[in-house]
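In: generate coordinates for the sequence data below:
(one chain, ligands or ions: 1)
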Amino acid sequence: MNTREKILAKSKRLVVKVGSAVITGEDGLSRNVIGNLSAELTRFANQGYEVVLVSSGAIACGRKRLGLPKRPFTLTEKQALAATGQAGLIQTYEEYFTQYGQQVAQILLTRVDLEDRKRYLLARNTLMTLLRWRVIPIINENDTVAVEEIQFGDNDLLSAMVVGLIGADLLICLSDIDALYDKDPRDHPDAKPVRYVEEIDSKIEAMAGKKPGRLGRGGMVSKIRAAKMVTSLGVPMIIAPGREPMILERIFSGEEIGTMFLPARKMTAKKFWIAYHPRPEGALVLDEGAVKALVEKGKSLLPAGIKEVKGVFDKGACVECLDENGRCIAVGLSNFSSEEIQKIKGCHSREICERLGVAVQDEVIHRDNLVLKEEIASYAA
Ligand code: GLU
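Out: As a prediction, this is how the structure comes out:
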């Protein structure tokens, strides 16, 4: 078995993301594409695969339903379009899946839902229950209420988060672009597809170009970011042409189609959550020694290395670790509130902490709850 076959043989829990440009055409939703996809996913579910579908298309479908011409819409208009279109989108999926005897569920998520660890785990439990019942969840961003998300969120990012949420084995992004090309194929007719990506470095990022896709928000840049996220979790990702019939079967039969991003390091699910979900509520400025201990030695953060506390936060909050120049070097979950850290910062021994009357705990941020900035995928500059 080659690497591709080995990866596919191990992939039983799948997140399949489909972009707006794949499932909508000039006349609104492309019913035959949705029909084919529903049939394919049902066949996979019947074979024992656990499948989660992340589908875009609400805004595009809403615009077509209301008969509005293409133009730049305001944020509120986009939210209203999403509200209109999501109904039609899910109705169309329902129609086809029901025809094939497959139950589906609609899940609309915002980033805020996944920022809070408790809500994150609740969402996870719901999804796991649906999978146990062999229902296919159809997820989209809850655009109607997600004010910020509608501006910079996209479903590539959402699908990468869903991979972490459910512990998926593989992410498949069905796109109108069939693969990653060594140059932007829209500008360079001689561009060649890249079949495997072992490491996402600046060369690969440069290949993505900067242009967004035809309808969706993401484009190749955000697909590369999603790939960086999931591969750091040890999960492979495939970009494949979404309009090709039987595309999933063709992928699983081992055909070299699209681009496969091979899994890289294995970050724990908890660290993945810390890296991409909570919004930092404060910051700790560290001295040079602490920065070195974190970045070079893989150590936890101790009170001794903290020079300054910024912001007001409770125990358990996500905080940024800054070097003396204000550069963020890591994020992590604090074992202490900001008030407590004010008292113990710079302290070298447990005795001093005790003398100050604060609970003694060696680490302010335990290594297991800390992720270095360099490990976090960000958009290429
Ligand atoms: N959530 C948006 C929609 O359904 C699409 C987001 C994206 O294209 O990534 O219309």
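In: how about the helix ranked longest in the chain: buried residues?
Out: Secondary structure of the chain per DSSP state H: the longest helix is helix 75-99. Using 16 or more other CB atoms under 10 Å as the burial criterion, the residues of helix 75-99 that qualify are 77-86, 88-90, 92-93, 96-97. Where C-beta positions appear, they are placed from N, C-alpha and C, glycine not excepted.
In: what of stretch 132-145?
Out: Using 16+ other CB under 10 Å as the test for burial, stretch 132-145 gives 135-144.
In: could you do stretch 45-64 as well?
Out: By 16+ other CB under 10 Å, the buried positions in stretch 45-64 come out as 45, 49-64.
In: one step back: what's the longest helix of the chain in contact with?
Out: Contact partners of helix 75-99, identified using CB atoms under 8 Å, 6 or more residues apart in numbering, comprise 23, 28-29, 31, 34-35, 38-39, 41-42, 53, 55, 57-66, 68, 73, 103-104, 106, 108, 136, 138, 140, 143-145, 147, 150-151.
In: in helices only, show me those residues.
Out: Using DSSP H, the contacts of helix 75-99 in helices are 23, 31, 34-35, 38-39, 41-42, 58-65, 150-151.
In: the residues you listed: which ones sit near the ligand?
Out: Restricting the ones in helices among the contacts of helix 75-99 to those adjacent to the ligand (criterion: CB under 6 Å from any ligand atom) gives 58-60.
In: I'd guessed residue 45 sits against residue 52; true?
Out: No - Residue 45 is not in contact with residue 52 according to CB atoms under 8 Å; the separation is 10.5 Å.
In: identify the contacts common to those two.
Out: Counting by CB under 8 Å, 6+ apart, the residues touching both residue 45 and residue 52 are residue 136.
In: what does this protein put close to the ligand?
Out: Residues of the chain lying near the ligand (CB under 6 Å from any ligand atom): 20, 56-60, 82, 140-141, 143, 154-155, 216-218.
In: and the helices in the stretch 101-250 of the chain?
Out: Listed in chain order, the helices found in the stretch 101-250 of the chain under DSSP state H, counting those that start in this stretch are 111-115, 117-132, 149-152, 155-166, 202-207, 219-232, 247-252.
In: can you pull the contacts of residue 181?
Out: Residue 181 is in contact with 188, 191-194, 207, counting by CB under 8 Å, 6+ apart.
In: please redo it, this time with the cut-off set to 7 Å
Out: If a contact means CB atoms under 7 Å, 6 or more residues apart in numbering, then residue 181 has 191-194, 207 as its contacts.
In: noted, bye for now.
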